[in-house]
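**Q** Just the structure for this:
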Amino acid sequence: MTHKNGANLKPDLIVLDAEMPGGGGEKVFRIARTILGSDVPVVFVTGIPERVIGFALTQTGVRVFAKPVKSEELLSAVEGMLKVRE
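**A** Next comes the predicted model:
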């Protein structure tokens, strides 16, 4: 994935919000999956989980958390998703 400054990015994990400026997290997710493939895990943190859950259930490597999310819960999920990639 190329950053606006031209650097090639190879993230270990992506965290998105469903409501983001410029099209939302689902748009960013689709672009990232097109460029990076499905092996990069994605975490959606959202105030409207019902909007994302149905979409996320059809994808591999995606977790959805409703706001407010406990930091311990999010950290545990991120650590677990990164371990699966090792």
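**Q** who does the residue nearest the centre of the chain bridge with?
**A** Geometric centre of the chain, nearest residue: Val42, 2.7 Å, by Cα atoms, centre = their mean. Beta bridges link Val42 to Ile14, Val62 when assigned by DSSP bridges.
**Q** That one: what's it in contact with?
**A** For Val42, the contact set (Cβ atoms under 8 Å, 6 or more residues apart in numbering) comprises 13-16, 29, 32, 59, 61-63. Heads up, the C-betas are built off the backbone N, CA and C, glycines and all.
**Q** redo that, cut-off 6 Å
**A** By Cβ atoms under 6 Å, 6 or more residues apart in numbering, the residues touching Val42 are 14, 29, 62.
**Q** same deal with Val28?
**A** By Cβ under 6 Å, 6+ apart, the contact set of Val28 is Leu16.
**Q** Show me what the helix or strand of the chain with the lowest mean pLDDT is packed up against.
**A** When each helix and strand of the chain is scored by mean pLDDT, DSSP states H and E, helix 49-57 comes last, with a mean of 75. Counting by 3 or more Cβ pairs under 6 Å, 6 or more residues apart in numbering; DSSP states H and E, the packing neighbours recorded for helix 49-57 are strand 62-66.
**Q** average pLDDT across the strand it packs on?
**A** Across strand 62-66, the average pLDDT comes to 89.
**Q** what is the orientation angle of the very next helix or strand once past it with strand 62-66?
**A** Moving toward the C-terminus from strand 62-66, the next helix or strand (DSSP states H and E) is helix 71-85. Note on geometry: by axes from the mean of the first three to the mean of the last three Cα atoms, to 10 degrees, helix 71-85 and strand 62-66 are set 180 degrees apart in direction.
**Q** to the chain's geometric centre, what's the distance from helix 71-85?
**A** 12 Å (Cα atoms, centre = their mean, to the nearest Å).
**Q** in that helix, what's buried?
**A** Going by neighbour count (16 or more other Cβ atoms under 10 Å), the buried part of helix 71-85 is 77-78, 81.
**Q** and if you look at stretch 13-28?
**A** If you call a residue buried by 16+ other Cβ under 10 Å, then stretch 13-28 has these buried ones: 13-14, 16-18, 24-26, 28.
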